[in-house]
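Asks: test case, fold it:
(one chain, ligands or ions: 1)
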Amino acid sequence: MKKILVTGGLGYIGAHTVVELVNHGYEPVIVDDLSNTSLNVLDGIQAITGQAITFYQNDVRDLNAITKILRDNQIEAVIHFAAFKAVGESVQQPLKYYDNNIGGLVNLLKAMQTTQVKNIVFSSSCTVYGEPDVSPVNESSPIKKANSPYGNTKQIGEEILADCQFLNTVALRYFNPIGAHKSALIGELPLGVPNNLVPYITQTAAGIREKLTVFGQDYNTKDGTCVRDYIHVTDLAIAHVKSLDYIKNHPDNKFEVYNIGTGNGMTVLEILQAFEQVNDLKLNYSIGPRRAGDVEKVWADASKAKNILGWTAQLDLNEMVRSAWAWQQNLPKNAI
Ligand code: UDP
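Replies: Next up, the predicted model:
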């Protein structure tokens, strides 16, 4: 099993995963519709790996195109990233999210069934746990009603995959990926005003945004700000490689989910302080009101991934905030 189709392979997590696939002897083929990224990312991947990577500009909802790509490239497994991911936008435009995230998945699975490709790694999210009763959460923790259409697409996506018994599925529930490749040639590049914490921090430090607002300091946590499990995107990328290794060695696997986090909860203020300290700068920020829909605290019990996939996070918070800033500084000013 070598030839891997990576849908959304030019997105933030997808691009880092393509690099790690090459590093570990797999042959990635990318399909991406460029709806939330650009072709510059392909240049970055090719510069890091020193290899030409096959790329198709297609939407995963195009059944004929995806079927042909699977067949022409003799694909043996798929890593499915292609999806919309803005929580707030999904509340405003739910059908856009159900159409792309659910329609795209169903379409991809139809194409896989036709071409008899049964192996898939799926991008899920810790959002399926909602506001957990206790952290760390493990994979048996209750699934809570999703608080956005985006979150619901991840829950439904897992259910669809579990129902498709012809598949060999590993679903990875990501916690909060941050940071960039150590080369600073690929990283997170949100279009427009960032929603996520670390791109907002790096753009504020770069002078693109005037000030960061910390969303609430009245939570029941050690410093009053929310707690998340931040994980280096390269570690997350490697979890996909380990998932493919597992699938290859366990052809009878049907459907399994794994938490992919470090197991450490960090507050917003701890992230800010680490960013300032490691990069030796001061960030302009103030405390503002809570953001609607935010979970107070969640972090992972990632022992299942360790025990079964043989995966653990290797890179620490210092490397996460160092690489995020290096990437921001390496960007052309007109890239935003
Ligand atoms: N956050 C913040 N200011 C921002 C963006 C995010 O204080 O400009 C906080 C947010 O309230 C949450 C944490 O940072 O507690 C992580 O938010 P992010 O959107 O990155 O991830 P998610 O909410 O999906 O865990």
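
Asks: just the pLDDT for the most centrally placed residue in the chain.
Replies: The chain has I13 as the residue nearest its centroid, 4.7 Å off, counting by Cα atoms, centre = their mean. For I13, the pLDDT comes out at 98.

Asks: do the helix or strand where it lies and the ligand meet at all?
Replies: Assigned by DSSP states H and E, I13 belongs to helix 12-23. No - using Cβ under 6 Å from any ligand atom, helix 12-23 stays clear of the ligand, coming no nearer than 12.1 Å. (Each C-beta comes from the backbone N, C-alpha and C, glycine too.)

Asks: which residues are in contact with stretch 205-215?
Replies: Applying Cβ atoms under 8 Å, 6 or more residues apart in numbering, the contact partners of stretch 205-215 are 193, 200-201, 203-204, 225-226, 268-269, 272, 275, 279, 281, 283-291, 294, 325, 328-329, 336.

Asks: 7 Å instead, please
Replies: Residues from elsewhere that reach stretch 205-215 (Cβ atoms under 7 Å, 6 or more residues apart in numbering): 200-201, 203-204, 225, 268-269, 281, 283-288, 290-291, 294, 325, 328, 336.

Asks: quick one: name the residues of the protein near the ligand.
Replies: Taking Cβ under 6 Å from any ligand atom as the contact definition, the chain meets the ligand at 176, 195-197, 200, 212-215, 226, 228, 268, 291, 294.

Asks: which pair of these spans the longest distance?
Replies: Spatial extent of those (Cβ to Cβ) is set by the pair N176 and T213 at 17.8 Å.

Asks: higher neighbour count, those two?
Replies: N176 (22 against 14; other Cβ atoms under 10 Å).

Asks: quick one, what contacts the residue of the chain found nearest the ligand?
Replies: Distances between the chain and the ligand by Cβ to the nearest ligand atom are smallest at C226, namely 3.0 Å. Applying Cβ under 7 Å, 6+ apart, we find C226 in contact with 216, 219, 267-268, 294, 296-297.

Asks: mind redoing it with 6 Å?
Replies: 219, 268, 294, 296 (Cβ atoms under 6 Å, 6 or more residues apart in numbering).

Asks: so how do I select the buried members of the residues you listed in ChimeraX?
Replies: Command for ChimeraX, covering only those of the contacts of C226 found buried under the criterion 16 or more other Cβ atoms under 10 Å:
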select :219,268
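
Asks: by pLDDT, give me the weakest of the contacts of C226.
Replies: Where pLDDT dips furthest among the contacts of C226: D294, at 92.

Asks: quick check: the nearest residue to it once chain neighbours are set aside vs K211, distance?
Replies: Using Cβ to Cβ, 6 or more residues apart in numbering and skipping residues adjacent in sequence, the residue nearest D294 is C226, 5.8 Å away. When distance is defined by Cβ to Cβ, to the nearest Å, C226 is 19 Å away from K211.

Asks: I'd say L10 and D43 touch.
Replies: No - the pair L10 / D43 is not scored as a contact, 10.2 Å apart, by Cβ atoms under 6 Å.

Asks: between the two, which one's more packed in?
Replies: A count of neighbours by other Cβ under 10 Å puts L10 above the other of L10 and D43, at 28 against 12.
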